[in-house]
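**Q** structure for this input, please:
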Amino acid sequence: MNWYIHVGLIAAACVAIYNVPMFIKILKTKNTAGISLIMYILLVMACWFFFINGLGMMLDGSNQNNVYNGLPIFLANLFGGAFSTIILTIKCKNMINAKAANLSEAKYCEEKLLQARSKKREKI
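**A** Now for the predicted structure:
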């Protein structure tokens, strides 16, 4: 494996975990009001297209080294795409529920968080 593949794998690890803190925070709070819908749509599309690109490079039989060349792209976008897709799904769900409740997304998320905290206090 060439040195640049190792660099690519390090980059893939960084890309795979860059979204984890936001992912965990959104899972805990369910608050997506501060993130852009358009940005996440584009990010999810880019991740999955790059995932397919990396997969294609790995499966290309014309060059024996392509399996390694496409691996960083494949791995980075597999994890990045998965986290981003879940965040986008929660964002869309919050937007739909907020509209149904005739609230802004920020107000809806705030009320849901307050409800969750009061339920938690009741259990104690």
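**Q** can you list the buried residues in stretch 18-33?
**A** In terms of neighbour count (16 or more other CB atoms under 10 Å), stretch 18-33 has its buried residues at 19, 23, 26, 30-33. To be clear about C-beta, it is placed using only N, CA and C from the backbone, and glycine gets the same treatment.
**Q** also stretch 104-119?
**A** 105, 108-109, 112.
**Q** select the longest helix from this protein.
**A** In the chain, with assignment by DSSP state H, the single longest helix is helix 66-100.
**Q** by contact count, what packs against it?
**A** Helix 66-100 sits against helix 3-18, helix 20-29, helix 37-59, helix 105-123, with contacts defined as 3 or more CB pairs under 8 Å, 6 or more residues apart in numbering; DSSP states H and E.
**Q** what packs against the longest one?
**A** Here helix 37-59 touches helix 66-100, going by 3+ CB pairs under 8 Å, 6+ apart.
**Q** just give me how far the helix it packs on sits from the chain centre.
**A** Put simply, helix 66-100 sits 4 Å off its chain's centre (CA atoms, centre = their mean, to the nearest Å).
**Q** just to revisit the earlier point, quick one: the longest helix of the chain to helix 105-123, angle?
**A** 90 degrees (axes from the mean of the first three to the mean of the last three CA atoms, to 10 degrees).
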